[in-house]
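Engineer: Build the 3D model from these lines:
(chains A and B)
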Amino acid sequence: AQRVTQPEKLLSVFKGAPVELKCNYSYSGSPELFWYVQYSRQRLQLLLRHISRESIKGFTADLNKGETSFHLKKPFAQEEDSAMYYCALRPSGSARQLTFGSGTQLTVLP
Amino acid sequence: DSGVTQTPKHLITATGQRVTLRCSPRSGDLSVYWYQQSLDQGLQFLIQYYNGEERAKGNILERFSAQQFPDLHSELNLSSLELGDSALYFCASSVDLAGGGEQFFGPGTRLTVL
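Structural biologist: Presented below is the predicted three-dimensional model:
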(Lines give C-alpha, C1' and ligand atoms only; values in the text may rest on other atoms or scores of the structure.)
Protein backbone atom coordinates (compact mmCIF):
# COMPACT_ATOMS: atom_id res chain seq x y z
CA ALA A 1 0.00 0.00 0.00
CA GLN A 2 1.11 3.54 -0.65
CA ARG A 3 1.79 6.17 1.95
CA VAL A 4 2.45 9.92 1.85
CA THR A 5 4.17 11.72 4.69
CA GLN A 6 4.25 15.44 5.29
CA PRO A 7 6.39 15.88 8.40
CA GLU A 8 5.43 19.49 9.13
CA LYS A 9 1.92 20.22 10.31
CA LEU A 10 2.62 23.95 10.57
CA LEU A 11 5.15 26.10 8.77
CA SER A 12 5.64 29.83 9.12
CA VAL A 13 7.93 31.98 7.01
CA PHE A 14 8.31 35.69 6.44
CA LYS A 15 7.23 37.32 3.21
CA GLY A 16 10.04 37.20 0.68
CA ALA A 17 11.75 34.25 2.32
CA PRO A 18 12.17 30.90 0.58
CA VAL A 19 9.76 28.17 1.52
CA GLU A 20 9.97 24.41 1.22
CA LEU A 21 7.16 22.05 2.12
CA LYS A 22 8.35 18.50 2.50
CA CYS A 23 6.69 15.42 1.12
CA ASN A 24 7.94 11.85 1.18
CA TYR A 25 6.18 8.84 -0.20
CA SER A 26 6.36 5.09 -0.22
CA TYR A 27 5.05 3.12 -3.16
CA SER A 28 6.45 0.12 -4.95
CA GLY A 29 5.44 1.15 -8.46
CA SER A 30 5.68 4.35 -10.50
CA PRO A 31 3.44 6.91 -8.86
CA GLU A 32 2.08 10.20 -10.00
CA LEU A 33 2.66 12.92 -7.44
CA PHE A 34 0.58 16.05 -6.92
CA TRP A 35 0.39 19.09 -4.73
CA TYR A 36 -3.08 20.32 -3.82
CA VAL A 37 -3.80 23.61 -2.08
CA GLN A 38 -6.75 24.72 -0.01
CA TYR A 39 -7.05 28.45 0.60
CA SER A 40 -9.22 29.66 3.43
CA ARG A 41 -12.91 28.97 2.75
CA GLN A 42 -12.16 27.58 -0.69
CA ARG A 43 -12.23 24.10 -2.11
CA LEU A 44 -9.24 21.88 -2.60
CA GLN A 45 -7.57 22.58 -5.92
CA LEU A 46 -4.68 21.18 -7.85
CA LEU A 47 -1.52 23.25 -7.64
CA LEU A 48 0.84 21.16 -9.71
CA ARG A 49 1.73 17.64 -10.74
CA HIS A 50 5.12 16.13 -11.30
CA ILE A 51 4.51 14.96 -14.86
CA SER A 52 3.88 18.47 -16.13
CA ARG A 53 7.09 19.85 -14.62
CA GLU A 54 5.65 23.33 -14.61
CA SER A 55 5.83 26.24 -12.21
CA ILE A 56 2.51 27.45 -10.85
CA LYS A 57 2.31 30.69 -8.84
CA GLY A 58 6.08 30.49 -8.49
CA PHE A 59 5.96 27.02 -6.93
CA THR A 60 7.95 24.09 -8.27
CA ALA A 61 8.32 20.50 -7.17
CA ASP A 62 10.75 17.89 -8.36
CA LEU A 63 10.19 14.19 -8.02
CA ASN A 64 13.25 12.55 -6.50
CA LYS A 65 12.79 8.83 -6.93
CA GLY A 66 15.99 8.02 -5.08
CA GLU A 67 14.86 9.83 -1.96
CA THR A 68 11.15 9.16 -2.68
CA SER A 69 10.43 12.82 -2.16
CA PHE A 70 8.38 15.49 -3.87
CA HIS A 71 9.11 18.68 -1.97
CA LEU A 72 7.31 21.89 -2.89
CA LYS A 73 9.46 25.00 -3.17
CA LYS A 74 9.10 28.69 -3.77
CA PRO A 75 12.02 31.11 -3.68
CA PHE A 76 10.09 34.12 -2.40
CA ALA A 77 6.95 33.49 -0.38
CA GLN A 78 3.98 35.86 -0.60
CA GLU A 79 1.26 36.47 1.97
CA GLU A 80 -1.34 35.10 -0.44
CA ASP A 81 0.49 31.76 -0.35
CA SER A 82 -0.85 31.16 3.14
CA ALA A 83 -2.96 28.03 2.86
CA MET A 84 -3.14 24.34 3.58
CA TYR A 85 -0.99 22.26 1.26
CA TYR A 86 -1.49 18.57 0.63
CA CYS A 87 0.86 16.24 -1.14
CA ALA A 88 -0.92 13.38 -2.91
CA LEU A 89 0.01 10.20 -4.71
CA ARG A 90 -1.89 8.40 -7.39
CA PRO A 91 -0.85 4.82 -8.07
CA SER A 92 -0.46 3.34 -11.53
CA GLY A 93 -3.17 0.95 -12.68
CA SER A 94 -6.90 1.16 -12.93
CA ALA A 95 -7.52 2.37 -9.37
CA ARG A 96 -6.87 6.06 -9.63
CA GLN A 97 -7.80 7.37 -6.22
CA LEU A 98 -5.48 9.79 -4.46
CA THR A 99 -3.64 9.05 -1.25
CA PHE A 100 -3.08 12.27 0.63
CA GLY A 101 -0.53 13.33 3.19
CA SER A 102 -1.75 14.93 6.40
CA GLY A 103 -1.16 18.42 5.07
CA THR A 104 1.00 21.39 6.00
CA GLN A 105 -0.53 24.70 7.05
CA LEU A 106 1.69 27.41 5.60
CA THR A 107 1.53 30.88 7.08
CA VAL A 108 3.43 33.67 5.39
CA LEU A 109 4.03 36.51 7.82
CA PRO A 110 4.22 40.15 6.68
CA ASP B 1 -21.45 26.83 -11.39
CA SER B 2 -20.18 24.10 -13.71
CA GLY B 3 -17.89 22.64 -11.09
CA VAL B 4 -18.51 19.84 -8.62
CA THR B 5 -21.42 20.59 -6.35
CA GLN B 6 -22.29 19.03 -3.03
CA THR B 7 -25.37 19.24 -0.88
CA PRO B 8 -26.02 19.93 1.86
CA LYS B 9 -23.24 22.24 3.02
CA HIS B 10 -23.76 21.41 6.65
CA LEU B 11 -25.53 18.57 8.37
CA ILE B 12 -26.10 18.15 12.07
CA THR B 13 -27.60 14.93 13.32
CA ALA B 14 -27.62 12.55 16.26
CA THR B 15 -25.87 9.26 16.90
CA GLY B 16 -27.64 6.28 15.42
CA GLN B 17 -29.18 8.28 12.61
CA ARG B 18 -28.76 7.92 8.85
CA VAL B 19 -27.89 10.67 6.38
CA THR B 20 -27.39 11.00 2.64
CA LEU B 21 -24.81 13.28 1.07
CA ARG B 22 -25.19 14.24 -2.55
CA CYS B 23 -22.61 15.06 -5.20
CA SER B 24 -23.00 16.27 -8.77
CA PRO B 25 -19.83 15.91 -10.85
CA ARG B 26 -18.57 18.38 -13.43
CA SER B 27 -20.29 18.14 -16.77
CA GLY B 28 -18.66 15.35 -18.77
CA ASP B 29 -16.88 13.71 -15.86
CA LEU B 30 -17.68 10.03 -15.45
CA SER B 31 -15.69 9.26 -12.31
CA VAL B 32 -16.78 10.28 -8.84
CA TYR B 33 -14.63 9.88 -5.74
CA TRP B 34 -15.60 10.30 -2.10
CA TYR B 35 -13.12 11.37 0.56
CA GLN B 36 -13.43 11.89 4.29
CA GLN B 37 -11.44 14.58 6.06
CA SER B 38 -11.24 14.33 9.81
CA LEU B 39 -8.91 15.93 12.33
CA ASP B 40 -7.22 12.71 13.35
CA GLN B 41 -7.24 10.79 10.05
CA GLY B 42 -6.64 13.57 7.52
CA LEU B 43 -8.00 13.19 3.99
CA GLN B 44 -8.89 9.56 3.30
CA PHE B 45 -10.27 7.98 0.16
CA LEU B 46 -13.55 6.17 0.67
CA ILE B 47 -14.87 4.94 -2.66
CA GLN B 48 -14.85 5.57 -6.41
CA TYR B 49 -17.55 5.13 -9.02
CA TYR B 50 -17.13 5.22 -12.75
CA ASN B 51 -20.17 5.55 -15.01
CA GLY B 52 -22.43 3.95 -12.45
CA GLU B 53 -20.15 1.14 -11.35
CA GLU B 54 -18.05 0.84 -8.23
CA ARG B 55 -14.38 0.85 -9.21
CA ALA B 56 -12.32 1.15 -6.07
CA LYS B 57 -12.84 0.98 -2.35
CA GLY B 58 -10.73 2.56 0.32
CA ASN B 59 -11.21 2.89 4.05
CA ILE B 60 -14.97 2.85 3.88
CA LEU B 61 -16.89 1.44 6.82
CA GLU B 62 -19.60 -1.17 6.29
CA ARG B 63 -22.09 1.33 7.70
CA PHE B 64 -21.34 3.55 4.72
CA SER B 65 -22.47 2.95 1.17
CA ALA B 66 -22.55 4.87 -2.05
CA GLN B 67 -24.02 4.75 -5.50
CA GLN B 68 -23.82 6.60 -8.78
CA PHE B 69 -26.99 7.16 -10.72
CA PRO B 70 -27.59 7.19 -14.51
CA ASP B 71 -27.33 10.98 -14.56
CA LEU B 72 -23.89 10.49 -12.91
CA HIS B 73 -24.67 12.18 -9.65
CA SER B 74 -23.62 10.22 -6.61
CA GLU B 75 -24.90 9.75 -3.10
CA LEU B 76 -22.99 8.68 0.00
CA ASN B 77 -25.16 7.06 2.63
CA LEU B 78 -23.96 6.99 6.21
CA SER B 79 -25.95 4.94 8.71
CA SER B 80 -25.83 4.13 12.43
CA LEU B 81 -23.85 7.30 12.85
CA GLU B 82 -21.26 7.60 15.58
CA LEU B 83 -19.55 10.64 17.07
CA GLY B 84 -16.39 9.70 15.21
CA ASP B 85 -18.13 10.06 11.86
CA SER B 86 -18.13 13.82 12.29
CA ALA B 87 -15.97 15.07 9.45
CA LEU B 88 -15.85 16.96 6.19
CA TYR B 89 -16.89 14.75 3.28
CA PHE B 90 -15.54 15.70 -0.12
CA CYS B 91 -16.60 14.54 -3.51
CA ALA B 92 -14.30 14.83 -6.52
CA SER B 93 -14.82 14.07 -10.18
CA SER B 94 -12.57 13.40 -13.13
CA VAL B 95 -12.96 12.73 -16.81
CA ASP B 96 -12.15 9.07 -17.13
CA LEU B 97 -10.89 5.99 -15.45
CA ALA B 98 -7.88 4.90 -17.47
CA GLY B 99 -6.34 8.26 -18.13
CA GLY B 100 -6.96 9.45 -14.67
CA GLY B 101 -7.22 13.13 -15.36
CA GLU B 102 -7.23 15.85 -12.81
CA GLN B 103 -9.63 15.38 -9.92
CA PHE B 104 -11.81 18.41 -9.26
CA PHE B 105 -13.12 18.74 -5.75
CA GLY B 106 -16.42 19.94 -4.45
CA PRO B 107 -16.78 22.32 -1.50
CA GLY B 108 -17.54 19.47 0.89
CA THR B 109 -20.33 18.62 3.31
CA ARG B 110 -19.58 19.16 6.98
CA LEU B 111 -21.24 16.47 9.05
CA THR B 112 -21.59 16.91 12.78
CA VAL B 113 -22.85 13.98 14.83
CA LEU B 114 -24.03 14.92 18.32
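Engineer: How about the residues of chain B by chain A?
Structural biologist: Listed as neighbours of chain A in chain B under the rule C-beta under 8 Å from any C-beta of the partner chain: B:3-4, B:31, B:33, B:35, B:42-45, B:48, B:55-56, B:58, B:90, B:92, B:94, B:97-98, B:100, B:102-108. Bear in mind the C-beta positions are built from the backbone N, C-alpha and C, glycine included.
Engineer: Would you check the distance separating stretch B:106-114 from the middle of the chain?
Structural biologist: Remark: stretch B:106-114 is offset 10 Å from the chain centroid, using C-alpha atoms, centre = their mean, to the nearest Å.
Engineer: For that stretch, report the contacting residues that lie outside it.
Structural biologist: Under the contact criterion C-beta atoms under 8 Å, 6 or more residues apart in numbering or on different chains, stretch B:106-114 has outside partners A:43, B:3-15, B:17, B:19, B:21, B:23, B:37, B:78, B:81-92.
Engineer: Please pick the buried ones from the residues you listed.
Structural biologist: Restricting the contacts of stretch B:106-114 to buried positions leaves A:43, B:4, B:6, B:11, B:13, B:19, B:21, B:23, B:37, B:78, B:81, B:85-87, B:89-92, with burial counted as 16 or more other C-beta atoms under 10 Å in any protein chain shown.
Engineer: Inside strands: which ones of those residues?
Structural biologist: B:6, B:11, B:13, B:19, B:21, B:23, B:37, B:78, B:87, B:89-92 (DSSP state E).
Engineer: between the residues you listed, which is nearest chain A?
Structural biologist: residue B:90 (6.8 Å; C-beta to the nearest C-beta).
Engineer: Next up, the contacts around the closest one.
Structural biologist: Contacts of residue B:90 by C-beta under 8 Å, 6+ apart are A:44, B:6, B:34-37, B:43, B:105-106, B:108.
Engineer: In chain A, where is pLDDT below threshold?
Structural biologist: Residue ranges of chain A with pLDDT under 70: A:94-95.
Engineer: which bits of it sit near chain B?
Structural biologist: Counting by C-beta under 8 Å from any C-beta, the residues of chain A close to chain B are A:32, A:43-46, A:49, A:86, A:90, A:94-103.
Engineer: Filter those down to the ones in strands?
Structural biologist: Filtering the residues of chain A next to chain B for strands - DSSP E - leaves A:32, A:45-46, A:49, A:86, A:90, A:99-100.
Engineer: my read: residue B:15 touches residue B:86, true?
Structural biologist: No - in this structure residue B:15 lies outside contact range of residue B:86 using C-beta atoms under 8 Å: 10.1 Å.
Engineer: tell me, what residue is most central in chain B?
Structural biologist: residue B:34 (3.2 Å; C-alpha atoms, centre = their mean).
Engineer: With the flanking residues excluded, which residue is spatially nearest to residue B:22?
Structural biologist: Nearest residue to residue B:22 in three dimensions, chain neighbours excluded: residue B:7, at 4.9 Å (C-beta to C-beta, 6 or more residues apart in numbering or on different chains).
Engineer: and the one you found, what is it in contact with?
Structural biologist: Residue B:7 touches B:21-22, B:109, counting by C-beta under 8 Å, 6+ apart.
Engineer: if we can go back for a sec, could you give the bridge partners of the residue nearest to the centre of chain B?
Structural biologist: Using DSSP bridges, the beta-bridge partners of residue B:34 come out as residue B:47, residue B:91.
Engineer: so who does it touch?
Structural biologist: Residues in contact with residue B:34, defined by C-beta under 8 Å, 6+ apart, are B:23, B:45-48, B:60, B:66, B:74, B:76, B:89-91.
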